[in-house]
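Asker: need a 3D model of the following:
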Amino acid sequence: MNYLDIAPEISESLAAGKPVVALESTIISHGMPYPKNMETALKVEHIIRTHGAVPATIAIIQGQLKVGLSAGEIDYLAKKGHAVQKASRRDIPVIISRKDDGSTTVAGTMIIAKMAGIKVFCTGGIGGVHRGASRTMDISADLLELSRTNVLVVCAGAKSILDLGLTLEYLETNGVPVIGYQTSELPAFFTRKSGFSLPYRVESAEDAARLFFSMQELGYPGGAVIANPIPEQYSLDESFISGKIEKALMEAEKSGIYGKELTPYLLAKIDAITGGTSLEANIQLVYNNALVAAGIAQAFSGMNRKI
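Answerer: Presented below is the predicted three-dimensional model:
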């Protein structure tokens, strides 16, 4: 595929059956300000390396689907920030045809990871059904992608700015397993609890890898979610953050902000309202997800080598 540019380290690791973890790039360009975005992206890669796997940050640069970015390319996306287009399924062909840059969302990263042959993907939180979706029909493409693209997504649940109950219902309807990692309750990104129970949980990276391995053996076409709660010491008080989210949602509605611009707007607004507390929580939950994803990728690659 002429458009797919896999870094030599990633290509060699995949060929050798070594564990590789895909990483998104929207968090770099749209998730936080410079230079915190670059520092966070590089530290996530470092955590994955130190826990036995190879990081593969994914983005589109000048029309090329890049799997494995250099530090210079990460810095380029970090500095360019919101000027980089968010790349979900519908956007990828357009960005390629125009030889533009694109930062991949959860859906976009899953698509390109599958093209490259990467099975485990680490992110902060997945998108979902937005509050008021019965009126706006605002449902993240991440959910549909999870139903058809065979990649395991390690996250801190769905972002708490969403309608978490409807998000779970949508995933259930589309046959996507949502598995709690050492929890029986859906994490809500900034907080460990949401009030929504999960039907299944795993206690270790090996259990999670075995579950996803069984999906491969059965030939299941879709993905799965490993919902890993934010560490206790960084979890925000549920009543505190809920009030801040409500305030941010009202301001977004007044400003006419919706669609793919809504999530980055809300996260930035909540960060401002909380005096930076939510940003630190966001960073720490990503670090925690990277650690878990590396363990799952290691266990999964070991199972594949035994075939």
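
Asker: in stretch 5-23, what counts as buried?
Answerer: 5-7, 10-11, 13-14, 18-23 (16 or more other Cβ atoms under 10 Å). Glycine gets a C-beta too; all of them are placed from N, C-alpha and C.

Asker: what's the answer for stretch 238-252, then?
Answerer: Applying 16+ other Cβ under 10 Å to stretch 238-252 flags 238, 241, 244-245, 248-249, 252 as buried.

Asker: and the furthest pair within those?
Answerer: Glu238 and Ala252 (20.8 Å; Cβ to Cβ).

Asker: what kind of secondary structure is the residue nearest to Asn174 when sequence neighbours are not counted in?
Answerer: Using Cβ to Cβ, 6 or more residues apart in numbering and skipping the chain neighbours, the partner closest in space to Asn174 is Ser147 (3.7 Å). Following DSSP: H, G, I helix; E, B strand; the rest coil, we place Ser147 in the helix state.

Asker: thought Ser147 was touching Val178?
Answerer: No. Counting by Cβ atoms under 8 Å, Ser147 sits too far from Val178 to count as a contact (11.8 Å).

Asker: any idea how far Glu246 lies from Thr277?
Answerer: 17 Å (Cβ to Cβ, to the nearest Å).

Asker: how about Gln62?
Answerer: 37 Å.

Asker: cool, and Gly81?
Answerer: Counting by Cβ to Cβ - Gly81 and Thr277 are separated by 22 Å.

Asker: quick one: mean pLDDT over the helix or strand hosting Pro55.
Answerer: Take DSSP states H and E as the rule and Pro55 turns out to sit in strand 54-61. Strand 54-61 comes out with an average pLDDT of 98.

Asker: neighbours of Ala113, how many?
Answerer: Using other Cβ atoms under 10 Å, Ala113 has 28 neighbouring residues.

Asker: inside strands: which ones of the buried residues of stretch 5-23?
Answerer: Of these, the ones assigned to strands by DSSP state E are 5-6, 20-23.

Asker: can you map out the helices along the stretch 151-300 of the chain?
Answerer: Applying DSSP state H, counting those that start in this stretch to the stretch 151-300 of the chain gives helices spanning 164-173, 205-218, 238-255, 262-273, 277-305.

Asker: what residues are up against the one residue sitting closest to the centre of the chain?
Answerer: The geometric centre of the chain, computed from its C-alpha atoms, lies nearest to Thr123 (Cα atoms, centre = their mean), at 2.7 Å. Shown in contact with Thr123 (Cβ atoms under 8 Å, 6 or more residues apart in numbering): 23-24, 27, 106, 109, 153-155, 286, 289.

Asker: show me which of these is closest to Ile139.
Answerer: Using Cβ to Cβ, Val106 comes nearest to Ile139 of those, at 13.1 Å.

Asker: low pLDDT regions in the chain?
Answerer: 1, 259-260, 305-307 (pLDDT under 70).

Asker: what's the closest non-adjacent residue to Gly63?
Answerer: The nearest residue in space to Gly63 (Cβ to Cβ, 6+ apart) is Lys99, at 3.5 Å.

Asker: pull out the buried positions in stretch 50-58.
Answerer: Within stretch 50-58, the residues that count as buried by 16+ other Cβ under 10 Å are 51, 53-58.

Asker: quick one: neighbours of Gln216, just the number.
Answerer: Neighbours of Gln216 (other Cβ under 10 Å): 15.

Asker: how much space separates it from Val44?
Answerer: Gln216 sits 26 Å away from Val44, going by Cβ to Cβ.

Asker: what does Arg90 give?
Answerer: 27 Å.

Asker: swap in Glu73?
Answerer: 15 Å.

Asker: quick one, which of the two is more surrounded?
Answerer: Taking neighbours as other Cβ under 10 Å, Glu73 and Val44 compare with Val44 leading, 25 against 18.

Asker: does the more buried one touch Ala290 like I think?
Answerer: Yes. The criterion here is Cβ under 8 Å, and Val44 meets it with Ala290 at 4.8 Å.

Asker: what's the closest non-adjacent residue to Thr183?
Answerer: Pro229 (5.3 Å).
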